[in-house]
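Chemist: sharing a model prediction with you, sequence too.
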Amino acid sequence: EIARHVASSLRAGDILVEKTPFRLTDVFIPGHWGHAAIWIGTEAELRAMGIWEHPVVLPHQAAIRAGRGVVEALRSGVVMNSLAHFLNVDDLAVLRDDAGKADTAADPARQAEIVLHTLRQVGKAYDFNFDAETTHRIFCSKLVYLAYGDLQWPTSRILGKTTVSPDDIARRAVGDGPLAVVLLYHDGEATPEPRRHMERLVKPERVARLQIERAE
């Protein structure tokens with residue numbers, strides 16, 4: 001039932017963030033959210049955007065037709081998986097680049113740009129250095145960071161490298177951030193006020209710091 005609800009709500013280019021506390025990797029990632037991915041859409045959506053026959057899309061047509069519309073960076077590299085595979089989680093949020101309005105009409109050109117940037121990363125190796133400033137290796141939130149290239153993200157410096165976490169992605173969906181929270185499931189239940197619930201899940205001091213940095 002949840003899978004059907006999520007699938008019916010998704011739009012090409014949407015960001016998925018999830019929490020999987022039963023996975024060891026989640027323990028080492030700061031913040032609430034432990035993983036991020038991008039939904040690239042269905043064949044019908046890509047046809048409507050005019051990119052189904054695009055050279056970047058052509059090699060992935062079979063995967064998309066098979067329902068593998070989630071692009072994510074795993075330890076094995078950047079792969080395409082089904083939504084059902086991705087939903088083996090405890091918490092899930094769907095974020096959308098709509099200037100805070102989940103019900104606005106999509107910008108096909110913007111959607112197409114995000115989808116193409118995302119598909120260009122498929123097949124790349126995993127970035128175990130978590131360096132957001134390189135492009136040849138990818139980690140999960142870096143995939144979103146690259147696909148949404150002109151959207152400003154909060155970042156951190158770790159061991160001399162610039163990195164971005166799933167919580168950093170989610171922080172653009174609180175306060176006056178440009179992302180809408182389309183859906184949010186917490187402990188398996190849909191929340192009635194997803195944006196407000198997201199504000200409780202991400203650390204408020206980091207949200208305040210981001211707002212200060214943007215103001216400066």
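Modeler: Everything's here; your move.
Chemist: pLDDT at Ser11, what is it?
Modeler: Quick fix: residue 11 is Arg, not Ser. pLDDT, Arg11: 95.
Chemist: from what I can see it touches Asp97, true?
Modeler: No. Between Arg11 and Asp97 there is no contact under C-beta atoms under 8 Å: 9.8 Å. No exception for glycine: its C-beta is placed from N, CA and C like everyone else's.
Chemist: who's more crowded, the two?
Modeler: More crowded of Arg11 and Asp97, by other C-beta atoms under 10 Å: Asp97, with 21 against 16.
Chemist: quick one, phi psi at that one?
Modeler: Backbone torsions of Asp97, given as degrees, to the nearest 10, read phi -80, psi 80.
Chemist: where's the nearest residue to it once chain neighbours are set aside relative to Ala3, distance?
Modeler: Sequence neighbours aside, Leu179 is the residue nearest to Asp97 in space, at 6.1 Å (criterion: C-beta to C-beta, 6 or more residues apart in numbering). Using C-beta to C-beta, to the nearest Å, one gets 23 Å for the distance from Leu179 to Ala3.
Chemist: hmm, back to that, give me the neighbour count for the residue nearest to Asp97.
Modeler: For Leu179, using other C-beta under 10 Å, the count is 26.
Chemist: next: Glu53.
Modeler: Residues near Glu53, counting by other C-beta under 10 Å, number 10.
Chemist: could you do Gly160 as well?
Modeler: Other residues near Gly160 number 6, with proximity taken as other C-beta under 10 Å.
Chemist: one more: the one 3 residues further on?
Modeler: Applying other C-beta under 10 Å, we find 20 other residues in the vicinity of Thr163.
Chemist: where do the strands sit along the chain?
Modeler: 15-19, 35-39, 70-74, 77-81, 91-97, 125-126, 137-138, 156-158, 161-163, 179-186, 189-190 (DSSP state E).
Chemist: need those in a markdown table (columns: mean pLDDT).
Modeler: A markdown table is the format used below for the strands of the chain (pLDDT from 0 to 100):
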| stretch | mean pLDDT |
| --- | --- |
| strand 15-19 | 94 |
| strand 35-39 | 96 |
| strand 70-74 | 96 |
| strand 77-81 | 97 |
| strand 91-97 | 95 |
| strand 125-126 | 96 |
| strand 137-138 | 96 |
| strand 156-158 | 80 |
| strand 161-163 | 88 |
| strand 179-186 | 94 |
| strand 189-190 | 90 |
